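In: Below: sequence and its predicted model.
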Amino acid sequence: DTGVSQNPRHKITKRGQNVTFRCDPISEHNRLYWYRQTLGQGPEFLTYFQNEAQLEKSRLLSDRFSAERPKGSFSTLEIQRTEQGDSAMYLCASSSRAGGYTFGSGTRLTVV
Amino acid sequence: AQTVTQSQPEMSVQEAETVTLSCTYDTSENNYYLFWYKQPPSRQMILVIRQEAYKQQNATENRFSVNFQKAAKSFSLKISDSQLGDTAMYFCATAHTGTASKLTFGTGTRLQVTL
């Protein structure tokens, strides 16, 4: 068990560019969550997958954001036409049951 | 909808002393979990302690314990014998026990342990 892995650790991009982040959950975990954390705030829920199905999306997830989890394994979060307000830490977590979450180290996005 | 409130943005404690971090929450769920997470500068969110709302007994985990007051919707964290390594952001969070069970976090308390 190598934990939840997120790549890249840091991403700096110019406004208007597209970015994609990857999350590799713990292999036996069927639930996967994406959160966004801005400076000085707690993480906010973005979206949830159970296996390959995206079952819930937050209103924070605008139409510029898309997430996938093909084959119920790793997940990607893509942001199109990035804006400065997208600068944040993007956290991934996985679990096999309610109440037991393992977090990755996050991807810090800076939009310049 | 669930909300979590942490009213102490920053706390400081001397090494070996005891400190209590406050948390109140609101939920319409009958069955839920409450959590305290630690986020050090390395930024990985680490579970400190978890409480299942149906359990009356307060959870303990070595030097960490909670005071869970269900009627008051209060869930404070007590850290005994504070260590320098306890310096971090601490987040209180809740999640219902249903299928999605996403976490709702508070805004955090920055704890500094000093010599």
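Out: On my side now, so go ahead. Numbering: from 1, shown residues only, chains lettered A, B, ... in the order given.
In: Quick check, central residue of chain B?
Out: B:Trp36 (2.8 Å; CA atoms, centre = their mean).
In: Give me the three-state assignment for that residue.
Out: Here B:Trp36 is recorded as strand under DSSP: H, G, I helix; E, B strand; the rest coil.
In: In this model B:Tyr90 seems to touch it, though I could be wrong.
Out: Yes - using CB atoms under 8 Å, B:Trp36 makes contact with B:Tyr90 at a distance of 6.1 Å. No exception for glycine: its C-beta is placed from N, CA and C like everyone else's.
In: Give me the common contacts of those two.
Out: B:Leu21, B:Val48, B:Leu77 (CB atoms under 8 Å, 6 or more residues apart in numbering or on different chains).
In: how long is stretch B:38-55 from one end to the other?
Out: 23 Å (CA to CA, to the nearest Å).
In: contact partners of that stretch?
Out: The contact list for stretch B:38-55 (CB under 8 Å, 6+ apart) reads A:43, A:89, A:91, A:93, A:99, A:101, A:103-106, B:30-37, B:58-61, B:64-66, B:68, B:70, B:75, B:77, B:86-91, B:108.
In: Work out the gap between it and the centre of the chain.
Out: Taking CA atoms, centre = their mean, to the nearest Å, one finds the center of stretch B:38-55 at 7 Å from the center of the full chain.
In: just stretch A:35-48 next, same as before
Out: Worked out by CA atoms, centre = their mean, stretch A:35-48 lies 9 Å from the chain centre.
In: now do stretch B:9-26
Out: 9 Å.
In: Identify the residue nearest the geometric centre of chain A.
Out: Central residue of chain A (CA atoms, centre = their mean): A:Trp34, at 3.7 Å.
In: beta partners for that residue?
Out: A:Thr47, A:Cys92 (DSSP bridges).
In: Give me the buried subset of the contacts of stretch B:38-55.
Out: A:43, A:89, A:91, A:93, A:99, A:101, A:103-106, B:32-37, B:59, B:64-66, B:68, B:75, B:77, B:86-91, B:108 (16 or more other CB atoms under 10 Å in any protein chain shown).
In: which stretches of chain B have low pLDDT?
Out: B:99-100 (pLDDT under 70).
In: Could you pull out the strands in chain B for me?
Out: Along chain B, the stretches classed as strands by DSSP state E are B:3-5, B:10-14, B:19-21, B:24-26, B:32-39, B:46-52, B:60-61, B:64-69, B:74-79, B:88-96, B:104-105, B:109-114.
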